[in-house]
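Participant: okay, predicted coordinates and the sequence, questions at the end:
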Amino acid sequence: MSQAVKSLLNESTAVVLSPGYEGANIGTIIGFKHVNYLVEKAVIAHFKRSGLPVGRLYEEHGLGFDIVDIDSRLQTALIVDDEAAVEVTPVTKDGATELAFKVAITVERDGAPKKAVASKVKAVLRRDGNDVRMTRRLPVPEGLERFVTDRVGGAEPGPAAPAVTEELISGACAETDAVLEHLLAGQNAYGWKFRIPYPFVHFFERLQMSGYLRLMEEAKHRFVDARGISIRALLEEKNWIPAVTHSRVTLLDEALLEEDLYVVYTVDNVFKNLLYTSRLDTYVVRDGHLVQTSTGTITHAYGVVENGKEGRLVTFDERVLNAFASGDGRNQP
């Protein structure tokens, strides 16, 4: 095993990162999506500090770095001015075929360090087998072979899907579709069809983890808007804003550029009128059958933010509770 791979698998690294300004959607607090971007960036920095930069792994070996599972618990809000200390600890088990890491984000509050985020991440190295794009490949670095795969996931085809005749252009969406009706039937859910555009993909063709995180955030917004409690409405009426305490996304198969992705957001449980959990599942249709490409969960609360970063949670009122419970398998409230 090369020294670089030994470092990757055994030595912790630390880096100081600042969140992206784009993530400060409300006041100066950073949303969960950009928190997860920091986690991803820290793992990429870990590869680089170990002597295995992810760019070089692709350029020289044809190996694309893919996060296939990210599970993050948010304990303290990150704000736009934070210089977050991020520690990455390798936790890959013997014989595992996925690289595993624990990631801890610490920020300064009132002059003292405070843990803000705890994440668990799994990653693989996906081989690019296209000989037109990759005209040469060096051997896989010794010790990395077991983490190399020819395909992310590999879900078995599901049931036969209804026939679909409507075609979308890249980036376009539809809220009515025979496949959607099938997926939403009897569920407390909202769904839409989305033709995957190139800003959501990497390595030329496949939807990457950050794209799924963007869809998870959009799904929440679409769901509450469809149920009559849109984010803007509750902000204007009550100064309430959704707050995420936990999120997880797991890739089950590859979703490809210009495929139609079916996105389904389902409300599962409401806890003590303070938190609710939802599930996000995505599918494509291949050879007439549904193939699930990802699954995820997200836990939301509602909060009030004042003076940019001072937040507190609020209990759900009857209107919100009714909206969460009103699903009948259709996209309308």
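Facilitator: Sure thing, it's come through. Numbers count the residues shown, from 1 in each chain.
Participant: CA only for contacts and neighbour counts going forward, please
Facilitator: OK.
Participant: and N322, how far from N188?
Facilitator: From N322 across to N188, the span is 12 Å (C-alpha to C-alpha, to the nearest Å).
Participant: these two: which has the busier surroundings?
Facilitator: Neighbour count, other C-alpha atoms under 10 Å: between N322 and N188, N188 has more, with 19 against 13.
Participant: check contacts around the residue lying closest to Y212 once chain neighbours are set aside.
Facilitator: Nearest residue to Y212, sequence neighbours excluded (C-alpha to C-alpha, 6 or more residues apart in numbering): V249, at 7.5 Å. Applying C-alpha atoms under 8 Å, 6 or more residues apart in numbering to V249 gives the contacts 68-71, 209, 212-213, 294-297.
Participant: just checking, which of the residues you listed belong to strands?
Facilitator: 68-71, 294-297 (DSSP state E).
Participant: show me the contacts for the most centrally placed residue in the chain.
Facilitator: Here the mean C-alpha position of the chain is nearest to the C-alpha of L213 (C-alpha atoms, centre = their mean), at a distance of 3.0 Å. Residues in contact with L213 (C-alpha under 8 Å, 6+ apart) are 33, 249.
Participant: what about 6 Å?
Facilitator: Shown in contact with L213 (C-alpha atoms under 6 Å, 6 or more residues apart in numbering): K33.
Participant: please enumerate the helices of the stretch 151-300 of the chain.
Facilitator: Using DSSP state H, counting those that start in this stretch, the helices of the stretch 151-300 of the chain run over residues 178-184, 209-226, 231-238.
Participant: distance between the first one and the chain's centre?
Facilitator: Average the C-alpha atoms of helix 178-184, do the same for its chain, and the two points are 23 Å apart (C-alpha atoms, centre = their mean, to the nearest Å).
Participant: what pLDDT, on average, does that helix get?
Facilitator: Over the span of helix 178-184, the pLDDT mean works out to 94.
Participant: please apply the same query to the last one.
Facilitator: In this model, helix 231-238 has a mean pLDDT of 95.
Participant: now for it, which elements pack on it?
Facilitator: With contacts defined as 3 or more C-alpha pairs under 6 Å, 6 or more residues apart in numbering; DSSP states H and E, helix 231-238 has no helix or strand neighbours.
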